[in-house]
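Asker: let's see this in three dimensions:
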Amino acid sequence: MAGPLAGILVLDLSRILAGPWATQLLADFGAEVIKVEHPRGGDDTRSWGPPYLRDAEGRDTPESAYYLCANRNKRSVAIDLARPEGQGLVRALAAQADVLVENFKVGGLARHGLAYPDLEPSNPRLIYLSISAFGQDGPEAAEPGYDALIQGMGGLMSVTGVPDGEPGAGPQKVGVAVADLMCGMYATSAILAALHERHASGQGQYIDLSLLDTQVAWLANQNLNYLVSGTPPVRRGTAHPNIVPYQAFATADGHLMLAVGNDAQFGRLCEAMGRQSLARDPAYATNAARVTNRAVLVPILEELMRGRTSAEWRRLLKAAQVPCGPINDLAQVFAEPQVRHRGMRIDLPHPTAGSAPGVRNPVLFGRTPVVYERAPPPLGADTDAVLAERLGLGPAQLASLKEQGIIA
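Answerer: Take a look at the predicted model:
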């Protein structure tokens, strides 16, 4: 059965991660996504390696692992937007599209006649989403920006890392580009909302989304901790600002993540540790008390946790229904029985490598399942087919455009 977005055409003029992550989600949900790239080089992430996908002979392909993570189920069309003829092709595609996603610098597409005001008259149903570092207005609007910059400027690094006074203290960037990824998630939800509204109004609209705005927005409880108290949160390593104990603990042979979310779980933890008195102590009996007295409680728990191996604690705490888990590297993640059972790894046919690995969409629709039809495409793999199908260009026209370097 077709996906829930079957029949929706998305023109993807984005690159790197935030935009491609959003359009990959839309593609997974059944939309047709046409990825427009420059004929020479394409999406920047194609070259963000090593590692690169390898062919049957063990040679690197032009597709980096980074590129592969965000571009499945799309078709690649290579068009030079700097050329008037290329701009005309994109305008013709945009006239048919339901959604356009771009992340050029502010004003970048306007110089090519491809901004929303340029396209809206010929397609008033178009939903046009612009992703930028800082938004379409404001003192920083014209400035470029990447995920790491936004993690710092948007406050995430101030609450991520080893606390002051401990070995290795200092701010840390999160190990994946979460500012980009969360922006992509907000982009997807905004597009879906606009598509829903279009059913009633018949009109598309322009959406302005920035990395900085989304980074500030999704700090969630840390934002409100500050706004309510007036005190900026600090780095706590793996510990939680509002829940105790909720952090990694060293065991006899490694580490274990302990996530005690309520007082009943804390009582069962203390019983499993043979220290029921801690749960009865007014200083630790409630979460509010444990947060207030964490400096005394946590060292007690640290000493107890070092008395057994991680496996022993997992068995003991699982039996006590106390949430805990290992701190896996990615080899261990994909070997986890639950991850294997859920089929999180997928493999898709690839034209040069034979097969390309990937990670499935976590959404499991009951009636309209995600279909994985295409591996992330080589640059320009679908140029001829898309321009023939969508714009009616014949072989001679395509050959001429290729000779002029307008398409590839």
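Asker: quick check: Asn221 is in a strand.
Answerer: No - looking at Asn221 with DSSP: H, G, I helix; E, B strand; the rest coil, it is helix, so not inside a strand.
Asker: what residues go with each domain of this protein?
Answerer: Structural domains assigned to the chain are 9-217+343-403, 246-332, following automatic domain parsing.
Asker: avg pLDDT for the first one?
Answerer: Which is domain 9-217+343-403. For domain 9-217+343-403, the mean pLDDT works out to 97.
Asker: what of the last one?
Answerer: Rounded to a whole number, the mean pLDDT of domain 246-332 is 97.
Asker: now it: how far from the chain's centre is it?
Answerer: Domain 246-332 sits 31 Å away from the centroid of its parent chain (Cα atoms, centre = their mean, to the nearest Å).
Asker: number of residues surrounding the residue nearest to Gln172 when sequence neighbours are not counted?
Answerer: Of all residues not flanking Gln172 in the chain, Gly161 sits nearest, at 3.6 Å (Cβ to Cβ, 6 or more residues apart in numbering). All C-beta atoms are positioned from the backbone trio N, CA, C, and that covers glycine. When neighbours are defined as other Cβ atoms under 10 Å, Gly161 has 19 of them.
Asker: Gly161 contacts Ala169, correct?
Answerer: Yes - using Cβ atoms under 8 Å, Gly161 is in contact with Ala169, at 7.3 Å.
Asker: identify the contacts common to the two.
Answerer: Common neighbours of Gly161 and Ala169 (criterion: Cβ atoms under 8 Å, 6 or more residues apart in numbering): Arg235.
Asker: what comes into contact with stretch 275-290?
Answerer: 243-245, 262-263, 266-267, 269-271, 293, 296-297, 300, 304.
Asker: how about it: buried residues?
Answerer: 278-279, 284, 287, 289-290 (16 or more other Cβ atoms under 10 Å).
Asker: what's the farthest-apart pair in these?
Answerer: For those, with distances taken as Cβ to Cβ, the pair at the greatest spread is Leu278 and Asn287 (13.4 Å).
Asker: sorry, back to before: among the contacts of stretch 275-290, which ones are in strands?
Answerer: Among the contacts of stretch 275-290, none falls in strands (DSSP state E).
Asker: what pLDDT does Met1 get?
Answerer: For Met1, the model assigns a pLDDT of 70.
Asker: without its sequence neighbours, what residue ends up closest to it?
Answerer: Spatial nearest neighbour of Met1, chain neighbours left out: Thr368 (5.4 Å); criterion: Cβ to Cβ, 6+ apart.
Asker: is it true that that neighbour lies in a strand?
Answerer: No - according to three-state DSSP, Thr368 belongs to no strand; its state is coil.
Asker: so what's it up against?
Answerer: 1-4, 30.
Asker: ok, back up a step: distance of the residue nearest to Gln172 relative to Gly168?
Answerer: 8 Å (Cβ to Cβ, to the nearest Å).
Asker: got a list of contacts for stretch 135-154?
Answerer: 16-17, 105-107, 130, 132-134, 157, 160, 171, 173-174, 177-180, 208, 210-213, 215-216, 219.
Asker: can you do 6 Å?
Answerer: 106, 133-134, 157, 173, 177, 179-180, 208, 210-212, 215-216 (Cβ atoms under 6 Å, 6 or more residues apart in numbering).
Asker: before we move on, what about stretch 351-365?
Answerer: Contacts of stretch 351-365 (Cβ under 6 Å, 6+ apart): 28, 53, 55-56, 61, 68, 72, 344, 346-348, 350, 370, 375.
Asker: reformat these as a markdown table; add secondary structure and distance to Ala385.
Answerer: Compiled in a markdown table, the contacts of stretch 351-365 are given as follows (DSSP: H, G, I helix; E, B strand; the rest coil; distance: Cβ to Cβ, whole Å):
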| residue | secondary structure | distance to Ala385 |
| --- | --- | --- |
| Asp28 | helix | 21 |
| Leu53 | strand | 22 |
| Asp55 | coil | 23 |
| Ala56 | coil | 25 |
| Thr61 | strand | 21 |
| Leu68 | helix | 21 |
| Arg72 | coil | 17 |
| Met344 | coil | 31 |
| Ile346 | strand | 24 |
| Asp347 | strand | 24 |
| Leu348 | strand | 18 |
| His350 | strand | 17 |
| Val370 | coil | 23 |
| Ala375 | coil | 16 |
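Asker: just the buried ones among those residues, please.
Answerer: Applying 16+ other Cβ under 10 Å to these, the neighbour count classes 28, 53, 61, 68, 72, 344, 348, 350, 370, 375 as buried.
Asker: who's in contact with the fifth one?
Answerer: This points to Arg72. 358, 376.
Asker: dihedrals phi and psi, it?
Answerer: Main-chain dihedrals, Arg72, degrees, to the nearest 10: phi -70, psi 160.
Asker: what distance do you get for it to Thr188?
Answerer: Counting by Cβ to Cβ - Arg72 and Thr188 are separated by 15 Å.
Asker: thought Ala190 was touching Gln205?
Answerer: No - applying Cβ atoms under 6 Å as the test, Ala190 and Gln205 come out as separate, 9.8 Å apart.
Asker: state the distance from the residue nearest to Gln172 to Leu212.
Answerer: Taking Cβ to Cβ, one finds Gly161 at 20 Å from Leu212.
Asker: then Arg275?
Answerer: From Arg275 across to Leu212, the span is 46 Å (Cβ to Cβ).
Asker: cool, Phe334 as well?
Answerer: Distance from Phe334 to Leu212, by Cβ to Cβ: 33 Å.
Asker: please identify which of these two sits among more neighbours.
Answerer: Leu212 (21 against 14).
Asker: which residues touch the more buried one?
Answerer: 134, 150, 154.
Asker: now, among the contacts of stretch 351-365, which is nearest to Thr45?
Answerer: Nearest to Thr45 out of the contacts of stretch 351-365 is Leu68 (Cβ to Cβ; 8.9 Å).
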